[in-house]
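Colleague: Next input, structure requested:
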Amino acid sequence: RFLEDFINDSASNEALATADPRIDWVNAVGGTQLVVPANVDYVRLDAAAAVRNVAKNNSDAVGSDDHYVDAIVRFPSGTNQGTIGILIRGDATAATENYWLLLLDRPNNQISLIRCDGGVDTTVTGPTAKTLDADTDYQVHLRASGTTIEAFVNGTKLSVISSTYQTNRRVGIRGTTNTLQSANAEP
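Modeller: As a prediction, this is how the structure comes out:
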């Protein structure tokens, strides 16, 4: 079990993959927009021109194919929000996008369970309507047990039985910024 607190003691924002957290993170795609601000204990998805951002555990893999990740997600008030979510069964290769993703889409008030293979998304459950209010904490949980994948957002459940079994062992974070995302709308 890993517990990551994302405390950054530096004087400036740092990319997640190079910041102070205890677990070694690596950018898979555009992940430099996922930053740990100075002297705080959270990760922020910086405003940028429609960039897909994926960061996942690098040197530390979870100990079993059956694993989970959970986090608290908060969207601040503001316009032109991006999307953000957590992933499990991430590939060991830094640049490879193979994983399961629980995606929170505040602009459309939806949640989805997605399987990503080689960077190609397939929505397997959802999108399911879920009001995602500003300045509200959402407890998100994504769990893999054998071929069963379960996802929860404050009690709303998405689940699927996968016909193809991924045995990857990395967890991570993925977000996509909106081209017009404003600085005050960074989840």
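
Colleague: contacts, neighbours, all on C-alpha from now
Modeller: OK.

Colleague: Can you give me the neighbour number for residue 41?
Modeller: 15 (other C-alpha atoms under 10 Å).

Colleague: what's the span of stretch 157-166 from first residue to last?
Modeller: Using C-alpha to C-alpha, to the nearest Å, the span of stretch 157-166 from its first residue to its last is 21 Å.

Colleague: what does that stretch contact?
Modeller: With C-alpha atoms under 8 Å, 6 or more residues apart in numbering as the test, stretch 157-166 has contacts from 89, 99, 112-113, 124-126, 146-152.

Colleague: again with stretch 35-44
Modeller: Against stretch 35-44 from outside (C-alpha under 8 Å, 6+ apart): 5-16, 19, 34, 45-46, 186-187.

Colleague: Please produce a PyMOL select command covering the buried subset of those residues.
Modeller: To isolate the buried members of the contacts of stretch 35-44 in PyMOL, using 16 or more other C-alpha atoms under 10 Å:
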select buried, resi 6+7+8+9+13+14+15+16+19+34+45+46+186+187
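
Colleague: circling back to that earlier point, pick out the most distant pair among the contacts of stretch 157-166.
Modeller: Spatial extent of those (C-alpha to C-alpha) is set by the pair 126 and 146 at 21.1 Å.

Colleague: What about the closest residue to residue 106 other than its chain neighbours, how many residues nearby?
Modeller: Excluding its sequence neighbours, the residue lying closest to residue 106 (C-alpha to C-alpha, 6 or more residues apart in numbering) is residue 132, at 5.5 Å. Per other C-alpha under 10 Å, the neighbour tally for residue 132 reads 20.

Colleague: Ok, residue 164 next?
Modeller: Residue 164 has 7 neighbouring residues, counting by other C-alpha under 10 Å.
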